[in-house]
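> Could you work out the structure for the sequence below:
(one chain, ligands or ions: 1)
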Amino acid sequence: MTEKQAIANYLKYTGNTSININAALVDCDGVLYDSMKNHTRAWVKLMKKNGIRCTRDEFYLYEGMTGTEIIKMKFKQGAGKNITDDEALALYGVKTRYFHELGDMPLMPGTLTVLSWLKEQGIKCVLVTGSQQATILERIDNDYPGIFDAKVTGHDVKRGKPNPEPYLKGVALAGGKPGQCIVLENAPLGVQAGHAAGCFTIGVTTGPIPEKELYKTGADITYPSMQALLEALPQLFEAMRTE
Ligand code: MG
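Reported below is the predicted structural model:
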């Protein structure tokens, strides 16, 4: 898929006549941080301690849901238990502890350069994450200084990704319309949410999930790495201006 084709497809299915981007809505895990390996390890440990069968791979597919949503779903499916909000939050605290015990969370190579390029073009950046982990949310402004104009976290929404609610909140905070926003995502459910919100959704495969899975859930275009996205950004924005 070329940039020109992706934009032509987007305009066709949205019925928009042009595309003028003024905001980027940016996911956290797997986009800002190379954190998914440790998240999946922590999830498996929590489930095993509670006697719930699971595989590491399935947690890559749940990425984007809020932590408490994942716990409620797995306890229902795996143990027939209905978990209360308070119980889910307590279990999420345990998962967060396991996550931190696995060590530091590296920055995703290339993302800061991508976001800095967007800011130089006058594009606002809004964080849109299902994460409710205070320690992650607190460090973003240190790791990505001057990048984010606003943030939507797992605490701000009733329904996490794949529901479009988090991205629609991001659109509102950016002060524009969905057709004026790009979404930057790495996970199928996150891509699904960005697409359902009506944004031009860019999938970057920074983990084990192949590009075709991101196209299946609605990505307008995908790239195999942040570096590949960085190299393509000038032609993507040029194609938008001339479409
Ligand atoms: Mg992600």
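> Might you name the residue of this structure sitting closest to the ion?
Per C-beta to the ion, Gly30 is where the chain lies closest to the ion, at 3.6 Å. For glycine as for every other residue, the C-beta is placed from the backbone atoms N, C-alpha and C.
> which residues sit against the least confident helix or strand in the chain by mean pLDDT?
The helix or strand of the chain with the poorest confidence is helix 134-143; it has a mean of 88 (mean pLDDT, DSSP states H and E). Outside helix 134-143, the residues that touch it by C-beta atoms under 8 Å, 6 or more residues apart in numbering are 28-29, 32-33, 35, 96, 100, 105, 107, 112, 127, 129, 131, 148, 151, 153.
> which among those end up buried?
Buried members of those, scored by 16 or more other C-beta atoms under 10 Å, are 28-29, 32-33, 35, 96, 105, 112, 127, 129, 131, 148, 151, 153.
> Of the residues you listed, which one scores lowest on pLDDT?
In terms of pLDDT, Ser131 ranks lowest among those, with 84.
> Okay, angle between the helix or strand encompassing Tyr92 and helix 134-143 too, please.
Here Tyr92 sits within helix 85-101, counting by DSSP states H and E. Counting by axes from the mean of the first three to the mean of the last three C-alpha atoms, to 10 degrees, helix 85-101 lies at 50 degrees to helix 134-143.
> thinking again about what came up before, give me the contact list for whichever helix or strand comes after the least confident helix or strand of the chain.
Once the chain leaves helix 134-143, the next helix or strand it forms, by DSSP H and E, is strand 150-152. Here strand 150-152 makes contact (C-beta under 8 Å, 6+ apart) with 124, 126-129, 137, 140, 166, 169-170, 173-174.
> Quick check: the residue nearest in space to the middle of the chain vs Asn16, distance?
With distances taken as C-alpha atoms, centre = their mean, Asp27 lies nearest the centre of the chain, 3.2 Å away. For Asp27, the distance to Asn16 equals 23 Å [C-beta to C-beta, to the nearest Å].
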